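# Task: produce atomic coordinates for the following.
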Amino acid sequence: MQWLNLQDNVNLLSFIGAILIILITLVVVGKLFKSMKEEKSQGELSEHNWDGIGEFKNPIPLGWAVVFFLSIVWCIWYFLWGYPLNSYSQIGEYNKEVQAHNEKFAQKFSNLSAQDKREMGKNIFLVQCSSCHGITGDGINGKAQNLNIWGSEEGLIEVITKGSKGMNYPMGEMLSAAENGIEEADIPAIAAYVASEISAIKKTENPQLVAKGKELFVTCSVCHGENGNGTIDGQLVAPDLTKYGSAEFVVDVLNRGKAGSIGVMPHFNNGLLNELQKEAVSEYAISLSKGE
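Next comes the predicted model:
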């Protein structure tokens, strides 16, 4: 952005107006100083006085009145037709710069290999995520989500057992198994069914429990829907379990934010990360649970 662009009509008029205000002010101040030196006070006194000090009934100096009137006109013009509502906006300029940067960024890294995207995601993770999740993604002894299992069948068992504080969905917090009336022995069966039949994992370490888990999933379908996609009556009300185990599920978490035991993970859908960066860090995060 050019600091002083006189080819812009608004800039030019603002500059001329500022010079006129300064000149008029100097003229008025000069006349006042001159009158203070040369003229003697005279005229009719007002009826009010303070400690014997009276006040002349002098009219408002013409220069003051003119400058005051012009200032009002200037303010109205500037607000309605000048930069605030019509042309210039710092927020708008920032958003344009961010958009231009993201376009260049996406173009520069448009042909990243899967490995290079994961490396980009690792670097972003170390800067943005490791302070809570740890540099290895282990959650720092329960302080945050353990990403080494999150996205796997083991992660499903953990969340069914302990519950989840939610990702800003209408259904809110997911209760623990005990609070939902689910027996501890039935948790692996539900996890096996979700892992193999609903989620993006598409496999389970306990195939013999899938049938039983399907029957027990009715408790979960109250929020997640019969198909596990989190949609009830056409409205998305809970996490879409069909994406669980994929980078797409992680992107959804980044966009929505998530409550945790040590506070709230902010959402990254505010320009802090662009779409490619969110995809990259999601690919890296999901790779941790796969041991890649």
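
# in the stretch 51-200 of the chain, which spans are helices?
Assigned by DSSP state H, counting those that start in this stretch, the stretch 51-200 of the chain shows helices spanning 62-81, 90-108, 114-128, 130-133, 153-162, 187-193.

# what's the last one packed up against?
Secondary structure elements in contact with helix 187-193, counted by 3 or more CB pairs under 8 Å, 6 or more residues apart in numbering; DSSP states H and E, are helix 153-162, helix 210-216. (C-beta placed from N, C-alpha, C; glycine too.)

# Residues touching it, excluding its own?
Applying CB atoms under 8 Å, 6 or more residues apart in numbering, the set of residues contacting helix 187-193 from outside is 153, 156-157, 160-161, 177, 182, 204-207, 209-210, 212-214, 216-217, 220.

# now for the lengthiest helix in the chain, which elements pack on it?
What stands out as the longest helix in the chain, according to DSSP state H, is helix 9-38. Here helix 9-38 touches helix 62-81, going by 3+ CB pairs under 8 Å, 6+ apart.

# For the helix it packs on, buried residues please.
63, 67, 74, 78 (16 or more other CB atoms under 10 Å).

# Let me see the mean pLDDT of that helix.
Averaging pLDDT along helix 62-81 gives 85.

# how many degrees apart are that helix and helix 9-38 in direction?
Using axes from the mean of the first three to the mean of the last three CA atoms, to 10 degrees, the inter-axis angle of helix 62-81 relative to helix 9-38 is 160 degrees.

# Quick check: which of the helices and strands packed on helix 187-193 is buried the most?
Greatest average neighbour count among the helices and strands packed on helix 187-193 goes to helix 153-162 (a mean of 20), per mean count of other CB atoms under 10 Å.

# which other residues reach it?
The contact list for helix 153-162 (CB under 8 Å, 6+ apart) reads 146, 149, 174, 176-177, 182, 184, 187-188, 190-192, 194-195, 199, 201, 204-205, 244, 289.

# Ok, stretch 214-223 next?
Outside stretch 214-223, the residues that reach it (CB under 8 Å, 6+ apart) are 171, 174, 180-182, 186, 189-190, 193-194, 197, 228, 230, 232, 237-238.

# Now for those residues, which sits with the most neighbours around it?
Val194 (27 neighbours; other CB atoms under 10 Å).

# Quick check, that residue in contact with Asn229.
No. With contact defined as CB atoms under 8 Å, Val194 does not count as touching Asn229 (11.9 Å).

# Report the set of residues contacting both of the two.
Joint contacts of Val194 and Asn229 (CB under 8 Å, 6+ apart) are Leu241.

# which other residues reach stretch 240-252?
151-152, 156, 167, 194-195, 198-202, 224, 227-231, 239, 278-279, 281-283, 285-286, 289.

# From these, list just the buried residues.
Buried among the contacts of stretch 240-252 by 16+ other CB under 10 Å: 151-152, 156, 167, 194-195, 198-201, 224, 228-230, 239, 278-279, 281-283, 285-286, 289.

# Tell me which of those residues fall in strands.
The strands, defined by DSSP state E, take in nothing from these.

# so where's the stretch 1-150 of the chain uncertain?
Counting by pLDDT under 70, the ranges of the stretch 1-150 of the chain that qualify are 1-6, 39-41, 82-89.

# hmm, back to that, redo the helices of the stretch 51-200 of the chain as a markdown table? Include distance to Ile19.
Below are those laid out as a markdown table (distance: least, CB to CB, whole Å):
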| stretch | distance to Ile19 |
| --- | --- |
| helix 62-81 | 13 |
| helix 90-108 | 24 |
| helix 114-128 | 48 |
| helix 130-133 | 52 |
| helix 153-162 | 67 |
| helix 187-193 | 75 |
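
# can you tell me how far the residue nearest to Val253 when sequence neighbours are not counted sits from His101?
Setting aside the residues directly before and after it, Val253 is nearest to Met167 in space (CB to CB, 6 or more residues apart in numbering), at 5.8 Å. For Met167, the distance to His101 equals 28 Å [CB to CB, to the nearest Å].

# same check, this time on Phe125
21 Å.
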